[in-house]
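# quick one: sequence plus predicted model below, questions after.
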Amino acid sequence: QVQTIESGGGLVQAGASLRLSCAVSGRRFSEYNMGWFRQAPGKEREFVAGIKFNSEYDWYADSVKGRFVISRDNAKNTVYLAINDAKPEDTAVYYCGVDRQTRRWIIGTLTTSYDLPGQGTQVTVSS
């Protein structure tokens, strides 16, 4: 059973940077695409960024493109999300997801494509 532990969130001012981490266990990490999702109060969970199992390429939601960077370390079974130039609208609980299919050719953007078992990490950006 896959497990994820997200960390690195906190309260920051607009314009600040922070890096989220997600440690994964229970699945052969290097064979699965990974994604980050977020959920703001009163809103549905949404796709933020994804990265292929072999880091061949990544993909971002338009709202974060140019500010967020996803990366992974297959030796550490960990995926990261660097948030730069944080904005108040980035305030949300951030979750990492493990693709349900091994070695998927494309990066999925739907929550139904991923297992999202973790509790998430809260990011709050003040203006």
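Sure, I can see it. Numbers count the residues shown, from 1 in each chain.

# what's opposite G35 in the beta bridge?
Judged by DSSP bridges, the bridge partners of G35 are G50, G97.

# quick check: it touching E46?
No. Counting by Cβ atoms under 8 Å, G35 does not reach E46; the two are 10.8 Å apart. All C-beta atoms are positioned from the backbone trio N, CA, C, and that covers glycine.

# more crowded one of the two?
Neighbour count, other Cβ atoms under 10 Å: between G35 and E46, G35 has more, with 29 against 14.

# list the contacts of that one.
G35 makes contacts with 47-51, 96-97, 99, 107-109, 113-114, as judged by Cβ atoms under 8 Å, 6 or more residues apart in numbering.

# with just CA atoms, put stretch 51-68 into CSV.
Provided in CSV are the C-alpha atoms of stretch 51-68 (Å, rounded to 0.1, in the frame of the first residue of the first chain):
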residue,chain,number,x,y,z
ILE,A,51,7.0,14.8,-13.4
LYS,A,52,7.7,11.6,-15.4
PHE,A,53,9.1,8.6,-13.7
ASN,A,54,12.5,9.1,-15.4
SER,A,55,12.4,12.9,-15.1
GLU,A,56,12.3,13.1,-18.9
TYR,A,57,9.9,16.1,-18.7
ASP,A,58,7.5,17.9,-16.4
TRP,A,59,4.2,19.7,-16.7
TYR,A,60,2.6,22.6,-14.9
ALA,A,61,-0.7,24.2,-14.4
ASP,A,62,-0.9,27.6,-16.1
SER,A,63,-1.4,29.3,-12.7
VAL,A,64,2.0,28.2,-11.5
LYS,A,65,4.1,27.9,-14.7
GLY,A,66,7.3,29.9,-14.4
ARG,A,67,7.1,30.0,-10.5
PHE,A,68,7.0,26.4,-9.4
